[in-house]
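how would this look folded up:
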Amino acid sequence: MLQVRKASERGHFDHGWLNTYHTFSFADYMDPRHMGFRSLRVMNEDRVAAGQGFGMHGHRDMEIVTYVLGGALEHQDSMGNGEVLSPGEFQRMSAGTGIMHGEFNPSQSEPVHFYQIWLLPERRGLVPSYEQKRFSEDERRNRLRLVASPDGAEGSLSVHQDARIYLASLVDGKSVEHVLDAGRHAWLQVLRGEVSVNAMSLGTSDGVAVSDERQLSVTAHSDSEVMLFDLA
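This is a model prediction of the structure:
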């Protein structure tokens, strides 16, 4: 069963400095029909104006994954990390018992475009931690590259949840396949381009929840980028 979440139906707020879309209920956007999917709780697509950002604020008991599509995103946190993410880079922050962090666009001329994703952790009260990794275009061209997993397999980020995240950059006409073990679910997010998933058409920023399927076939109908979540 595939249930599509169209980009145009997401929660949307334009604050001037921040243009944000919420796939699931978040902050001032509340829709009881869209509270998350399995352990996936937040899927926000954000564009932050030049020289703007989120001041220091707190989180706890959440696995936070950030992926930059365009521009640069500067990160600072109460663990002493101070990094800049550029396109193709992922960040994983386990908020655990509590963490403060801020995110800023260091450019004075260009916006930054990124996804911020929250996963419920496997348990509460984890020790806060941080990782940042780049996955090259070659590693994910026309294939599903594992970028996050519970055990850090294949050089991926480590997330404290039974979830595996894959990234693929697909040339027009190319396909990738993914087999789901019995009882597993999936979420596919189209980061850019146009694809079909098991013959169902999706466009940029569309998402689809997948249950009771054993195999996914993703075919690009333009140069595209997708993120796939394999979830318990």
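
Could you tell me which residues make contact with Val176?
With contacts defined as Cβ atoms under 8 Å, 6 or more residues apart in numbering, Val176 is in contact with Asn142, Arg143, Leu144, Ala168, Leu170, Ser217, Val218. (C-beta placed from N, C-alpha, C; glycine too.)

Pretty sure the fourth one sits against Arg143.
Meaning Ala168. Yes: under the criterion of Cβ atoms under 8 Å, Ala168 lies in contact with Arg143, with a separation of 6.2 Å.

So which of the contacts of Val176 belong to strands?
Cross-referencing the contacts of Val176 with the strands (criterion: DSSP state E) gives Ala168, Leu170, Ser217, Val218 as the overlap.

Among the residues you listed, the buried ones, what's the PyMOL command?
Below is the selection syntax for PyMOL that covers the buried ones among the ones in strands among the contacts of Val176, with 16 or more other Cβ atoms under 10 Å defining burial:
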select buried, resi 168+170+218
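
With pLDDT as extra columns, can I get the ones in strands among the contacts of Val176 in a markdown table?
Putting the ones in strands among the contacts of Val176 into a markdown table (pLDDT from 0 to 100) gives the following:
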| residue | pLDDT |
| --- | --- |
| Ala168 | 98 |
| Leu170 | 98 |
| Ser217 | 97 |
| Val218 | 98 |
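
Using CSV, lay out the ones in strands among the contacts of Val176 together with distance to Ser136.
As requested, those are exported to CSV (distance: Cβ to Cβ, whole Å):
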residue, distance to Ser136
Ala168, 13
Leu170, 15
Ser217, 25
Val218, 20
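
and which of the ones in strands among the contacts of Val176 is nearest His57?
Lowest distance from His57 to these (Cβ to Cβ) belongs to Ala168, with 32.2 Å.

tell me the contacts of that closest one?
The contact partners of Ala168, by Cβ under 8 Å, 6+ apart, come to Arg140, Asn142, Arg143, Leu144, Arg145, Val176, Val218, Glu225, Val226, Leu228.

wait, which of these is closest to Trp17?
The shortest distance between Trp17 and any of the contacts of Ala168, using Cβ to Cβ, involves Glu225 and amounts to 25.5 Å.

number of nearby residues for the closest one?
Counted with other Cβ atoms under 10 Å, the neighbours of Glu225 add up to 20.

would you say it is within a strand?
Yes: secondary structure assignment (DSSP: H, G, I helix; E, B strand; the rest coil) places Glu225 inside a strand.

Please name the spatially closest residue to it (chain neighbours excluded).
Of all residues not flanking Glu225 in the chain, Leu191 sits nearest, at 4.2 Å (Cβ to Cβ, 6 or more residues apart in numbering).

show me the contacts for that neighbour.
So, once contact is read as Cβ under 8 Å, 6+ apart, Leu191 ends up touching Tyr67, Leu69, Tyr115, Thr204, Ser205, Ser224, Glu225, Val226, Met227.

Any chance of a ChimeraX selection covering the buried ones in those residues?
Provided next is the ChimeraX selection string for whichever of the contacts of Leu191 are buried by 16+ other Cβ under 10 Å:
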select :67,115,205,224,225,226,227
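
re the thing from before, helices - which of the contacts of Ala168 land there?
Judged by DSSP state H, those include Arg140 as members of helices.

any idea which of the contacts of Leu191 is the one closest to Glu83?
So of the contacts of Leu191, ranked by how close each gets to Glu83 (Cβ to Cβ), first place is Tyr67, at 14.0 Å.

separation between Arg124 and Asp172?
Using Cβ to Cβ, to the nearest Å, Arg124 is found at 44 Å from Asp172.
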